[in-house]
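Colleague: please find the sequence and the predicted model below.
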Amino acid sequence: MKLSRRSLLRASAAGAATLAAPAIVRAANPIKMAAILDQSGGLELLGRPMLEATKLAVSEINAAGGLLDRQIELIAYDPQTTIQFYTQFATQAAAGDRVDVVHAGITSASREAIRPVLNRFQTLYFYNTLYEGGVCDYNNFCTGSTPAQTVEKLVPYAMNKWGKKVYIIAADYNYGHITADWVQKYVRDNGGENVAVEFFPLDVTNFGPTIKKIQTEKPDFVMSALVGAAHISFYRQYGAAGVNKEIPLASTTFTLGGEHKLVSAEEGNGMIVSFAYFEEIDTPANRKFVSDLRAFSSEDINYISETTARSYEGVHLWAEGVRKAGTTDRMAVIEALRSPVSFDGPSGTVTIEPKTNHLVQNVAIAELRDQVLHVLETFEAQPPSDTLLVCDLDANPNQSTFYFENGLKAAGIE
Amino acid sequence: MDLFLALALQIVYGVSNLALISLGLAIIFGMMRVINLAHGEFIMLGGYTVIVATSHGVNLWFAMLVLAPLVVGLVGVIVERVLIRHLYGRMIDTLLATWGLSLFLIGAVTTIFGPQTTTTISPPIGAVQIGGYGSSGYELFLILITLAAVAGVYAVLRLTKLGLVARATMQRPDMASALGVSTSQVYMLTFGFGSAVAGLAGGLLAPITGVVPTVGAIYIAKAFITVISGGAAILAGTLSASSLLGVVNGVISYATGPTLGEVALLLTAIVIIRIMPQGITGRFFRKSL
């Protein structure tokens, strides 16, 4: 057969059309989702497993035939732990890619940077990290646990176990400050005494002076809301000075990035923590999630923590909303989500609380023994009662306020 | 009294910690006028050397005191041959190149070991009781080892032929060269020596701070401030600056809290640089090493 340029072109064009046609019919119009989670630059410890869990949820939905007979197309951006990239990628996702939903943000600072952007471009926003509470935004669903769910349980538990004098140490930015406010409030509410509150910039590695001060003050226990790689030194130095055997620790952040695998068993033993999810939760749904995620993930996941599991559940919750609405239209999906929808995930049943767009969820207290967390007590279906104090989206849907921005006093909470 | 003793010990530890993380940078800056922005990553590599070695069953002491400086020293020699030697006398270019190197090392280590390490090593010495206060025995050991490292650097530079040749080369490379010294080799060895000291610091600090690929960023700023405040004399500069900054930081941290402690440290450094632009040793101890 003689092959001229013209016939070759004609043949390949026809071939291409045949190949492309079914694909076009099948994926006529994928539902687009953006994930903006730090994959480098400092917060990758949290961000990488969160993205893997997001991908797992998307692939499960797609494998089951997609949503509304359409596939989900996931567009992932790496903001490199830089706030400026967050705004840039949020704008790109909303205005450029025209996605139907954005799952994004780890730190509160990143959430506050992109919330106004996504409001302006009217793009639905899911924030799947535990945080200090107080966001009241019709367009924004905050699925992580908040202090009224975790700290409120942890403080009385620790006070019953160890005593009423509490020494608080926390990271020096809004999460640490607001969480320290909550800890102080719950200590007072339970008749305890706040011995001292100290804040640490994120790059402090020498905790010697503070450890000496803790030994002088002799509290019954230390409550830690320290954050990040540098602050891990605190736990090591505390253990090295042998203080952890006399003055035990409770924390609202430790183990979230798998830190308990980074300090030795001796340094971590006896610490108690509280989150909405632990890898060790012993239910069939969770065992399946843990093994599925480990098999699916392209890299080793050291420890599956609340932020990872909640990223997975966040995607499924959104999918429930789309199914119920029968469309991807933003207002219809928001109304469906707030009707409200529930999802039975690895952490148990999570349900959207319509006054705040937060979750009613299970929380648990766990103790660290030999680098493994043992769940001590589970509290089912806890409402976000902190945010409920200030936020009512049923009464006033037209708001996008962060009530705790300037601390609890400014929000009128004593 | 117990508290005073425990606190004094803590402050001495703070001082020796600053000296330990700055010494390697000071050698490279003081001798060669090269500011190594990858210094923090050299410390990080020292830490990883210890973690990899101990997980393969190597004795912890051997890994910290021998392997970490050896491995990082070799890395330093390679870096000098490939990168630094093309940039002598071009300070801004060296800054940029070593900063790039630091990003590269963070990326490379993250790729190999992941964003966090799972292996843990505990300080090999237990707690020491001083009256009612528990202190870390390992911190005591670190104070001693820092003193030993400073003495060692002094001995090498002051008492050995190699040290003499190195100092001569740094002062008058043309004259040293005319007398038959291979200046290129001397530069290479000096850079390797400084890197090895950084590796030693990283190895020794691994058990109390833990190691992640980004741990270098925590050290570089403090090391940098200490070296610049200290000025050109390697040992006198490092020791005087870390004593001053460490005491200020320790006392203020205990009295008010770590935030103000850090502020006081930085403020002191600014005042020093304002009054003595050449650093402490630009005015005092000028003839010292």
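Modeller: Cool, the structure landed. Numbering: from 1, shown residues only, chains lettered A, B, ... in the order given.
Colleague: check contacts around B:G216.
Modeller: The contact partners of B:G216, by Cβ atoms under 8 Å, 6 or more residues apart in numbering or on different chains, come to B:38-44, B:102, B:105-106. In short, each C-beta sits where N, CA and C put it, glycine included.
Colleague: output the residues you listed in a markdown table, with distance to chain A appended to each entry.
Modeller: A markdown table is the format used below for the contacts of B:G216 (distance: Cβ to the nearest Cβ, whole Å):
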| residue | distance to chain A |
| --- | --- |
| B:A38 | 17 |
| B:H39 | 15 |
| B:G40 | 11 |
| B:E41 | 14 |
| B:F42 | 17 |
| B:I43 | 11 |
| B:M44 | 11 |
| B:S102 | 13 |
| B:L105 | 14 |
| B:I106 | 9 |
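Colleague: now, which of those residues lie within helices?
Modeller: In this view, these that belong to helices under DSSP state H are B:39-44, B:102, B:105-106.
Colleague: ok, so of those, who is nearest A:I334?
Modeller: Using Cβ to Cβ, B:I106 comes nearest to A:I334 of those, at 40.7 Å.
Colleague: who's in contact with the spatially closest residue to the closest one that is not a sequence neighbour?
Modeller: Distance criterion Cβ to Cβ, 6 or more residues apart in numbering or on different chains; nearest residue to B:I106, sequence neighbours excluded, is B:P213 at 5.1 Å. Neighbour list for B:P213: B:44, B:106, B:109-110, B:113, B:115 [criterion: Cβ under 8 Å, 6+ apart].
Colleague: which of the three states applies to the closest residue to A:L37 other than its chain neighbours?
Modeller: Nearest non-adjacent residue to A:L37, counting by Cβ to Cβ, 6+ apart: A:G47, 4.3 Å away. Recorded secondary structure, A:G47: helix (DSSP: H, G, I helix; E, B strand; the rest coil).
Colleague: and A:G47, how many neighbours?
Modeller: When neighbours are defined as other Cβ atoms under 10 Å in any protein chain shown, A:G47 has 29 of them.
Colleague: so what's it up against?
Modeller: Contacts of A:G47 by Cβ under 8 Å, 6+ apart are A:37-39, A:81, A:106.
Colleague: mind doing that once more with 7 Å?
Modeller: By Cβ atoms under 7 Å, 6 or more residues apart in numbering or on different chains, A:G47 lies in contact with A:37-39, A:106.
Colleague: of those, which one scores lowest on pLDDT?
Modeller: On pLDDT alone, A:Q39 ranks lowest of these, at 89.
Colleague: go ahead and confirm that residue touches A:D78.
Modeller: Yes - contact status for A:Q39 versus A:D78: in contact at 4.0 Å, counting by Cβ atoms under 7 Å.
Colleague: burial count for the residue of the stretch 251-400 of chain A found nearest chain B?
Modeller: With Cβ to the nearest Cβ as the measure, A:S264 is the residue of the stretch 251-400 of chain A nearest to chain B, at 4.2 Å. Neighbours of A:S264 under the rule other Cβ under 10 Å: 21.
Colleague: and the residue found closest to it once you drop the neighbours it is linked to in the chain, how many neighbours?
Modeller: With Cβ to Cβ, 6+ apart as the criterion, A:S264 has its nearest non-adjacent residue at 4.2 Å, and that residue is B:S122. By the criterion of other Cβ under 10 Å, B:S122 has 18 neighbours.
Colleague: and B:S122, helix, strand or coil?
Modeller: Relying on three-state DSSP, one would call B:S122 coil.
Colleague: ok, A:I75 next?
Modeller: Applying three-state DSSP: A:I75 is strand.
Colleague: and it, bridged to which residues?
Modeller: With DSSP bridges as the criterion, A:I75 is bridged to A:A34.
Colleague: residue contacts, it?
Modeller: Counting by Cβ under 7 Å, 6+ apart, A:I75 touches A:32, A:34, A:93, A:97, A:99.
Colleague: alpha carbons only: can I get the host helix or strand of B:A176 in CSV?
Modeller: Per DSSP states H and E: B:A176 is located in helix B:173-178. Presented in CSV, the C-alpha positions along helix B:173-178 are these (Å, rounded to 0.1, in the frame of the first residue of the first chain):
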residue,chain,number,x,y,z
PRO,B,173,47.8,32.7,49.8
ASP,B,174,50.3,34.1,47.3
MET,B,175,53.2,33.9,49.7
ALA,B,176,52.2,30.4,50.9
SER,B,177,51.9,29.3,47.4
ALA,B,178,55.4,30.7,46.6
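Colleague: centre-most residue in chain A?
Modeller: For chain A, the residue nearest the mean C-alpha position is A:T129 (1.7 Å; Cα atoms, centre = their mean).
Colleague: in space, what's closest to it - neighbours in sequence excluded?
Modeller: Once flanking residues are discounted, A:T129 sits nearest to A:G144: 4.7 Å by Cβ to Cβ, 6+ apart.
Colleague: is it true that the one you found lies in a strand?
Modeller: No - secondary structure of A:G144 (three-state DSSP): coil, not part of a strand.
Colleague: phi, psi for it please.
Modeller: The phi/psi pair for A:G144 (degrees, to the nearest 10) reads phi -80, psi 170.
Colleague: give the contact list for it.
Modeller: Listed by Cβ under 7 Å, 6+ apart, the contact partners of A:G144 are A:128-131, A:306, A:310.
Colleague: B:T214 against A:G42, yeah?
Modeller: Yes - B:T214 is in contact with A:G42 according to Cβ under 7 Å; the separation is 5.7 Å.
Colleague: of the two, which one has the most company?
Modeller: For B:T214 and A:G42, the more surrounded residue by other Cβ under 10 Å is B:T214, and the numbers stand at 25 against 21.
Colleague: which stretches of the chain have low pLDDT?
Modeller: Just so you know, I chose chain A. A:1-28 (pLDDT under 70).
Colleague: you looked at the wrong chain, it should be chain B
Modeller: For chain B (pLDDT under 70), the answer is B:115-120.
Colleague: how is it carved up into domains?
Modeller: Using automatic domain parsing, the domain parsing of chain B gives B:21-215, B:231-289.
Colleague: show me what the helix holding B:A176 is packed against.
Modeller: Under the contact criterion of 3 or more Cβ pairs under 7 Å, 6 or more residues apart in numbering or on different chains; DSSP states H and E, helix B:173-178 touches helix B:183-209.
Colleague: kindly recompute the last result at 8 Å.
Modeller: Counting by 3 or more Cβ pairs under 8 Å, 6 or more residues apart in numbering or on different chains; DSSP states H and E, the packing neighbours recorded for helix B:173-178 are helix B:161-171, helix B:183-209.
Colleague: max-length helix in chain B?
Modeller: Taking DSSP H as the criterion, chain B has its longest helix at helix B:2-32.
Colleague: tilt between it and helix B:161-171?
Modeller: Per axes from the mean of the first three to the mean of the last three Cα atoms, to 10 degrees, the angle that helix B:2-32 makes with helix B:161-171 is 70 degrees.
Colleague: next, the buried residues of helix B:2-32.
Modeller: Neighbour-count burial for helix B:2-32, with 16 or more other Cβ atoms under 10 Å in any protein chain shown as criterion, is recorded at B:3, B:6-7, B:9-32.
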